[in-house]
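Novice: predicted model, plus sequence, below.
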Amino acid sequence: MFLFDIPTHKLIIHFPIALTVIAVIYDSWALYAKRPELHRTSYGLTLWAAVGALAAAGTGLQLAEIVRIDKAAVTGHAGFGVAATIVIAALAGVRYSAHAQEKKGYPIWWFVLQAAAAALIAATAVTGHRL
């Protein structure tokens with residue numbers, strides 16, 4: 001739960017934030033510049049963002065039980081965090097499935113989900129910063 005007297009959650013949270021934002025940048029760059037090879041980079045970033053988001057959500061929920069913080073403040077942050085984790089994990093699963101089946105192409109709804117995940121991650125970061 002703690003590493004070097006620092007909550008593990010605080011050590012993990014920056015990875016899904018950065019990876020999700022960078023993944024949406026790569027996907028938008030690939031769509032704008034018509035360079036589909038950049039989607040492969042975004043795919044890898046999305047997979048690791050999902051892993052990081054699952055770890056961050058798990059450690060955050062554990063930390064909320066240990067630390068005595070106003071429950072109303074934690075509820076908003078946790079709600080955004082869990083929603084972001086669900087969206088990122090679902091997107092990673094769908095992209096992984098398409099990659100495993102060697103499907104070509106990039107459906108635009110993947111970009112919409114990626115942008116929604118980035119927005120949820122940003123909302124989670126802003127509400128978490130206030131804690």
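Specialist: Nice, thanks for sending it over. Numbering: from 1, shown residues only.
Novice: any chance you could map the strands in the protein?
Specialist: 2-3, 6-7 (DSSP state E).
Novice: how many neighbours does residue 118 have?
Specialist: Residue 118 has 22 neighbouring residues, counting by other Cβ atoms under 10 Å. C-beta coordinates here come from the backbone N, C-alpha and C atoms, glycine included.
Novice: which residues touch the closest residue to it other than its chain neighbours?
Specialist: Counting by Cβ to Cβ, 6 or more residues apart in numbering, residue 24 is the residue found nearest to residue 118 once chain neighbours are left out, at 4.4 Å. Residues counted as contacts of residue 24 (Cβ atoms under 8 Å, 6 or more residues apart in numbering) are 42, 111, 114, 115, 117, 118.
Novice: tell me how far residue 122 lies from residue 17.
Specialist: 8 Å (Cβ to Cβ, to the nearest Å).
Novice: between these two, who's got more neighbours?
Specialist: residue 17 (20 against 15).
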